[in-house]
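Q: fold the following and give me the result.
(3 chains)
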Amino acid sequence: MEGVNENEKEEAQKRSDPPELGKWAEIQDTLKKSVIAVDDFPWRLPSPQSHSHQQQLTYVGGVDVSFSKEEPSMACGSLVVLDLHHDLRLVYQDYTCLTLDVPYVPGFLAFREVLMVDGNGLLHPRGFGLASHLGVLANIPTIGIGKNLHHIDGLTQSGVRKLLEAEENRANDVITLRGSSGFIWGAAMRSTQGSLKPVFVSIGHRVSLDTAIKIVNMTCKFRVPEPIRQADIRSREHLRKHHIGMLA
DNA sequence: GCGACAG
DNA sequence: ATCTTGTCGC
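A: Here you go, the predicted model:
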C-alpha cells in the first residue's frame, strides 16, 4: 500500500502531474454517473425511406483546440457546424483564443480543453473522456472521436490494427472494441477506402454507439470526419493569424 | 518492474 | 498537441 503510493508519486513527478489530479478523477467519477449511453434526441437520421414526422438531423458540429509552438500556453478553440444536406457545407464558425497554463495529462483532457469535442467519450481509463464530459455539462448529444487509442483494458493500437488487417475482417470497415473485461468501449473504423489507420469512435453522451458510427460515416470525406477536420484546420489557421498580430 | 497511455 | 520536405495520388 505504501509502495503503490510511492510509485504513483514518482510517476506523477516524471509527468509533472498537477496536485489537483486526485480531485479531477473524483469529478470524473461523479459526472460519469450522468452519462446516457443510448439514443436520446428529438431528431431522426437522414434516410431515403423514413416516413417519420420527426425532424431529420441536419447539422453536425465539431470542436477542437490548437496550440502555439513558440507560446505553448496560447490556445485557440474552434466550433464549426456543417450541413449534412448540402455536401457538408460550413454554415457556422466561431473561435476563441486564450492562454492555458494547465498541463496536459493523459486521461484528463477535459480539464485542459474545458469548453471546447475532439477526444474520446466512454473510450477512456475511467469511462469518461472529454466528449462525455462536455456532453454531460452542456447536456447535449456528443460523439467521441480519437485519432489514437488510449491503451486500456487490454486494447492496443497494434492489436486493433492487427484485427483490421485480419482475413476475416478484410471486408469489415468497423471493428467493435471489446476489452479484456468484456466491456465494449467503442469502435475502430476504417473511415475511408484503403486507410490503414483507423479512427476511434465512442459514445459521448445521449448517442448510442450504433448511431454514432452512422453519423461518423455520413461525415467522412477523408479519414478524420469533416466536423473535426474543419475545426482542426480552422482553429490552427485562426491561431496563426492572431498570434502574428500579438507579437507585433 | 517497465512500458504503454486521447489532445 | 507541434515541428518539418517532399512526395504520392486523384
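
Q: who's in contact with whatever residue of chain A ends up closest to DNA strand B?
A: Residue nearest to DNA strand B within chain A (C-beta to the nearest atom of the strand): A:Gly129, separated by 2.7 Å. All C-beta atoms are positioned from the backbone trio N, CA, C, and that covers glycine. A:Gly129 makes contact with A:Leu109, A:Ala110, A:Gly119, A:Asn120, A:Gly121, A:Leu122, A:Leu123, A:Gly144, A:His150, A:Ser202, A:Gly204 under the criterion C-beta atoms under 8 Å, 6 or more residues apart in numbering.

Q: now with 10 Å?
A: Residues near A:Gly129 by C-beta atoms under 10 Å, 6 or more residues apart in numbering: A:28, A:32, A:107-110, A:117, A:119-123, A:142, A:144, A:146, A:150, A:186, A:202-204.

Q: next secondary structure after the worst-scoring helix or strand of chain A on mean pLDDT?
A: Least confident helix or strand of chain A, by mean pLDDT, DSSP states H and E, is helix A:2-14 with a mean of 46. Using DSSP states H and E, the helix or strand that follows helix A:2-14 in sequence is helix A:21-31.

Q: return that following helix as PDB; C-alpha atoms alone will do.
A: Extracted in PDB, the C-alpha atoms of helix A:21-31 (Å, rounded to 0.1, in the frame of the first residue of the first chain):
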ATOM      1  CA  LEU A  21      -5.200  15.300 -10.200                       C
ATOM      2  CA  GLY A  22      -7.000  13.400  -7.400                       C
ATOM      3  CA  LYS A  23      -9.800  15.900  -7.400                       C
ATOM      4  CA  TRP A  24     -10.100  15.700 -11.200                       C
ATOM      5  CA  ALA A  25     -10.600  12.000 -11.000                       C
ATOM      6  CA  GLU A  26     -13.300  12.400  -8.400                       C
ATOM      7  CA  ILE A  27     -15.100  14.900 -10.600                       C
ATOM      8  CA  GLN A  28     -15.000  12.500 -13.500                       C
ATOM      9  CA  ASP A  29     -16.300   9.600 -11.400                       C
ATOM     10  CA  THR A  30     -19.100  11.800 -10.200                       C
ATOM     11  CA  LEU A  31     -20.200  13.200 -13.600                       C
END
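
Q: so how far is it from its chain's centroid?
A: 19 Å (C-alpha atoms, centre = their mean, to the nearest Å).

Q: likewise stretch A:49-59?
A: With C-alpha atoms, centre = their mean as the basis, stretch A:49-59 stands 26 Å off its chain's centre.
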